[in-house]
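A.B. asks: quick one, structure for this:
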Amino acid sequence: MTATEALLRVLLLLLAFGHSTYGAECFPACNPQNGFCEDDNVCRCQPGWQGPLCDQCMTSPGCLHGLCEEPGQCICTDGWDGELCDRDVRACSSTPC
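C.D. replies: Numbering: from 1, shown residues only. Sure, this is the predicted structure:
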């Protein structure tokens, strides 16, 4: 790889991800693993994370009644089951018996 190619890669990464964690500072601080701060004091989240501090994971697309601990998960809340937490397992809760 030439020096020009290496510099181009660095510039592309900076454009894609902004400043490093040692660049601009946000108050309150962004979650350092999930986002970074821009000069305008706004957290920019990495893919799969959201919220003003980039501390809320995004569930898998289509997840209806679930939560996540890591991006892309769909952990069903009580009473729901299935890959997308779309199956009501409580007897008679959605349809009268």
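A.B. asks: now do the helices in this protein.
C.D. replies: Taking DSSP state H as the criterion, the chain carries its helices at 3-17.
A.B. asks: got the domain boundaries for the protein?
C.D. replies: Following automatic domain parsing, the chain resolves into domains at 18-55, 59-89.
A.B. asks: so residue 60 sits against residue 72, correct?
C.D. replies: Yes. Residue 60 is in contact with residue 72 according to Cβ atoms under 8 Å; the separation is 4.9 Å. (C-beta placed from N, C-alpha, C; glycine too.)
A.B. asks: between the two, tell me which one has more neighbours.
C.D. replies: Comparing residue 60 with residue 72 by other Cβ atoms under 10 Å, the one with more neighbours is residue 60, at 16 against 13.
A.B. asks: roughly how far apart are the more buried one and residue 46?
C.D. replies: 17 Å (Cβ to Cβ, to the nearest Å).
A.B. asks: with residue 38 instead?
C.D. replies: 13 Å.
A.B. asks: same deal with residue 69?
C.D. replies: In terms of Cβ to Cβ, residue 69 sits 16 Å off from residue 46.
A.B. asks: cool, residue 54 as well?
C.D. replies: In this view, residue 54 and residue 46 are 7 Å apart by Cβ to Cβ.
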